[in-house]
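Q: 3D, please:
(one chain, ligands or ions: 1)
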Amino acid sequence: MKIFVTGYTGQLGYDVVKEGQRRGFDMIGVGQKELDITKEKDVDAYITELKPDAIIHCAAYTAVDQAEEQKETCWDVNVNGTRYLVKAAKASGAKFMFISTDYVFKGNGTEPFLESDEADPVNYYGYTKYEAEKAVSSILDEAFIVRISWVFGINGKNFIKTMLRIAESHDQVNVVGDQVGSPTYTFDLARLLVDMIQTEKYGVYHATNEGFCSWAEFAKEIFKQAGKKVKVNAIKTEEYPTKAVRPKNSRMSKQKLRDNGFDPLRPWKKALAHYLKELGV
Ligand SMILES: NC(=O)C1=CN([C@@H]2O[C@H](COP(=O)(O)OP(=O)(O)OC[C@H]3O[C@@H](n4cnc5c(N)ncnc54)[C@H](O)[C@@H]3O)[C@@H](O)[C@H]2O)C=CC1
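A: As a prediction, this is how the structure comes out:
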């Protein structure tokens with residue numbers, strides 16, 4: 001199977017390519033330098049020439065706060081770029097998988113959001129990802145849309161790396177304690193995505209490591225497992241103002257994965273332990 005992966009220079013795309021290679025698939029991963037997805041003609045020419053069996057679209061404009069000010073660029077990458085890729089997938093007959101986000105939801109309540117729940121994004125980035133989801137569904141009758149959250153992987157910046165850096169020079173840190181969700185380890189997620197793309201079980205899925213926590217609880221566990229003595233002060237969202245609003249409830253139900261026979265990801269604390277080993281901590 002020949003699988004084309006966007007976002008290879010980011011966290012998720014990198015691990016998806018590695019996972020496919022481990023299984024002996026022909027994996028072609030690109031970053032923005034190799035193919036700028038906002039250039040429709042380039043996308044079209046690239047996919048026409050490559051003729052992949054499947055596309056796993058991990059690339060995105062992911063600077064959530066900056067997106068509030070760089071709306072055009074964010075739209076161009078997340079919506080237009082996705083649309084060009086989907087059109088190219090349709091023309092070439094490739095399966096298509098779009099990676100989306102918990103930020104499509106409003107984040108109200110305390111219950112996990114179902115795949116069928118109404119989306120109502122609270123920030124511009126989330127809005128563009130939801131518009132991209134709609135573009136995928138309007139162009140292709142059958143595609144995979146996989147919503148993930150709180151990503152950490154070996155290749156790129158993430159919350160865990162930030163906490164470990166803070167631990168070098170601080171003995172306490174303030175972390176938001178009233179936003180709850182699930183960390184997602186790209187190594188684990190890549191396994192699932194490569195499983196999924198080999199099936200015809202299309203649809204909208206949620207996929208994260210199992211269990212929920214707040215960012216403050218996540219930070220505490222990072223320091224605990226890494227053996228760092230850093231006190232975590234749980235603060236309120238209002239005490240840490242950001243340009244983009246964050247949903248307080250990012251819990252997502254993963255029942256659909258089970259219903260369709262996919263193995264869920266392991267609990268997030270176990271994933272964290274594996275990641276710290278991968279980092280050499
Ligand atoms: N990082 C997170 O916490 C979350 C990420 N997601 C989604 O997961 C996916 C993967 O995220 P990460 O790996 O963390 O992203 P990342 O920020 O680590 O990497 C982004 C990738 O997109 C590529 N890219 C950006 N603009 C491009 C353009 N114009 N043309 C071609 N490529 C371009 C970059 O080269 C890079 O490879 C994205 O779709 C993101 O929206 C969803 C929920 C949470």
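Q: and the stretch 1-150 of the chain, which residues reach the ligand?
A: 6-13, 31-32, 35-38, 58-62, 77, 81, 99, 101, 129, 148-150 (CB under 6 Å from any ligand atom). C-betas here are computed from N, CA, C, even on glycine.
Q: and with 8 Å instead?
A: Within the stretch 1-150 of the chain, the positions near the ligand by CB under 8 Å from any ligand atom are 6-14, 30-33, 35-38, 57-63, 76-78, 81, 98-103, 125, 129, 147-150.
Q: which of those are buried, as a ChimeraX select command?
A: Buried subset of those, written as a ChimeraX selection, criterion 16 or more other CB atoms under 10 Å:
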select :6,7,8,9,10,11,12,13,14,30,32,35,37,38,57,58,59,60,61,62,76,77,78,81,98,99,100,101,102,103,125,129,147,148,149,150
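Q: just the residues of the stretch 1-150 of the chain next to the ligand: which are in helices?
A: Among these, DSSP state H puts 11, 12, 13, 14, 125, 129 in helices.
Q: give me the pLDDT value at residue 105.
A: Looking at residue 105, its pLDDT stands at 98.
Q: then the one 4 residues further on?
A: According to the prediction, residue 109 has pLDDT 97.
Q: okay, now it: neighbour count?
A: The number of residues packed near residue 109 is 12, by other CB atoms under 10 Å.
Q: contact partners for the nearest residue to it once chain neighbours are set aside?
A: Nearest non-adjacent residue to residue 109, counting by CB to CB, 6 or more residues apart in numbering: residue 249, 5.6 Å away. When contacts are counted by CB atoms under 8 Å, 6 or more residues apart in numbering, residue 249 touches 105, 107, 108, 109, 110, 111, 113, 180, 181.
Q: in helices, which of the residues you listed fall?
A: Using DSSP H, none of the contacts of residue 249 sit in helices.
Q: so what pLDDT did the closest residue to the ligand within the chain get?
A: As assessed by CB to the nearest ligand atom, the ligand sits closest to residue 10 within the chain, at 2.0 Å. pLDDT recorded at residue 10 is 98.
Q: all good on my end, thank you.
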